[in-house]
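1. Next one to model:
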Amino acid sequence: MAAVVISEHNPNTIVKILETALAGSGATVTKLIDKSHLTEYPDKLKIYLSILENHGLISYHKGDGAYRTTYKGMQFLRTYNRTIELLSNLEKDYK
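-> From the prediction side, this is the model:
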């Protein structure tokens with residue numbers, strides 16, 4: 001099987017998965033499929049979850065069947081959101 005790289009995937013989907021798994025007591029596969037707009041592509045969610053787990057950004061809890069964003073995942077979200085904010089400010093400066 002070929003190696004899959006996060007950069008080949010939609011960053012908005014990755015962020016949506018991490019944000020959904022961050023809320024409350026985590027998120028089930030059903031909730032993640034719905035919130036990440038992958039209802040027609042459940043196999044893609046499995047790929048995203050595998051990548052995120054392998055990079056330590058999300059973890060699965062068998063007890064309640066929920067995925068939760070890890071501390072590393074939270075750091076990723078903060079960095080991502082800050083980068084988007086900075087880029088947005090740069091665009092405003094040049095308009």
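2. Tyr48 - nearest residue in space that isn't next to it in sequence?
-> Ile17 (5.8 Å; C-beta to C-beta, 6 or more residues apart in numbering). (Each C-beta comes from the backbone N, C-alpha and C, glycine too.)
3. Compute the distance between the one you found and Thr39, please.
-> Distance of Ile17 to Thr39, given as C-beta to C-beta, to the nearest Å: 14 Å.
4. Which one's more surrounded, these two?
-> Ile17 (26 against 10; other C-beta atoms under 10 Å).
5. Name the helix or strand for the nearest residue to Val29 once chain neighbours are set aside, please.
-> Closest residue to Val29 apart from its sequence neighbours, by C-beta to C-beta, 6+ apart: Leu45 at 6.9 Å. Assigned by DSSP states H and E, Leu45 falls within helix 42-54.
6. outside of that helix, which residues touch it?
-> With C-beta atoms under 8 Å, 6 or more residues apart in numbering as the contact definition, helix 42-54 has outside contacts at 4, 6, 9, 13-14, 17-18, 29, 32-33, 36, 38, 58-60, 67, 73.
7. Buried ones only from the residues you listed, please, as a PyMOL command.
-> Under the burial definition 16 or more other C-beta atoms under 10 Å, those of the contacts of helix 42-54 that qualify are selected in PyMOL by:
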select buried, resi 13+14+17+18+32+33+36+38+58+59+67+73
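8. Quick one: residues contacting Lys17.
-> Wrong residue type there; residue 17 is Ile, not Lys. Applying C-beta under 8 Å, 6+ apart, we find Ile17 in contact with Leu32, Lys35, Ser36, Leu45, Tyr48, Leu49, Leu52, Ile58, Tyr67.
9. Out of the contacts of helix 42-54, name the ones that lie in helices.
-> Thr13, Ile14, Ile17, Leu18, Val29, Leu32, Ile33, Gly73 (DSSP state H).
10. I'd say the last one and Leu22 touch.
-> Yes. Look at Gly73 against Leu22 with C-beta atoms under 8 Å: they come within range, at 7.3 Å.
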